[in-house]
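[1] just need the structure, nothing else, for what follows:
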Amino acid sequence: MREGMKARRAVGRAFDILAGATDEAIGLAGSAMGAAIDRQAYTELPERDGKWPRQFRLVFVAGSAVMVWSLVYFGLKYI
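    All right, here's what the predicted structure looks like:
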């Protein structure tokens, strides 16, 4: 969402309410967003490398291969 959109504030407020924040903490009692929880834009978050650790990737690929070949085997067996 764009930085200046009112929808961004509304979505943030909805997340705060769902998280159980009080009305005073999210700024509904006073100003619109006076004492609201600090939010950081997605572009300002720290960079992540985007890859899972090698062990998880290996387990995921091996598990997927076993599942696919099991479905093929049992599918051909019952046909």
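
[2] and the contacts of the longest helix that the chain contains?
    As assigned by DSSP state H, the longest helix anywhere in the chain is helix 54-78. By C-beta atoms under 8 Å, 6 or more residues apart in numbering, the residues outside helix 54-78 that reach it are 51-52. Heads up, the C-betas are built off the backbone N, CA and C, glycines and all.

[3] I'd like the numbering to begin with 699 instead of 1 from here.
    Okay, using 699 as the starting number, the last item reads as helix 752-776.

[4] low pLDDT regions in this structure?
    Flagging of the chain using pLDDT under 70 yields the residue ranges 699-704, 718-735, 740-741, 746-747.

[5] domain-wise, how is it divided?
    699-745, 747-777 (automatic domain parsing).

[6] host element of Gly748?
    If you go by DSSP states H and E, Gly748 is not part of any helix or strand.

[7] Asp714 sits in which helix or strand?
    helix 704-716.

[8] give me the buried positions along that helix.
    Neighbour-count burial for helix 704-716, with 16 or more other C-beta atoms under 10 Å as criterion, is recorded at 707, 710-711, 714.

[9] may I have that helix as PDB, with CA atoms only?
    C-alpha atoms of helix 704-716 as PDB (Å, rounded to 0.1, in the frame of the first residue of the first chain):
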ATOM      1  CA  LYS A 704      -5.900   5.900   4.900                       C
ATOM      2  CA  ALA A 705      -6.500   2.200   4.300                       C
ATOM      3  CA  ARG A 706      -3.000   1.500   5.700                       C
ATOM      4  CA  ARG A 707      -4.000   3.000   9.000                       C
ATOM      5  CA  ALA A 708      -7.300   1.200   9.000                       C
ATOM      6  CA  VAL A 709      -5.600  -2.200   8.400                       C
ATOM      7  CA  GLY A 710      -3.100  -1.400  11.100                       C
ATOM      8  CA  ARG A 711      -5.900  -0.500  13.500                       C
ATOM      9  CA  ALA A 712      -7.700  -3.800  12.700                       C
ATOM     10  CA  PHE A 713      -4.500  -5.800  13.300                       C
ATOM     11  CA  ASP A 714      -4.100  -4.100  16.700                       C
ATOM     12  CA  ILE A 715      -7.700  -4.800  17.700                       C
ATOM     13  CA  LEU A 716      -7.400  -8.400  16.700                       C
END
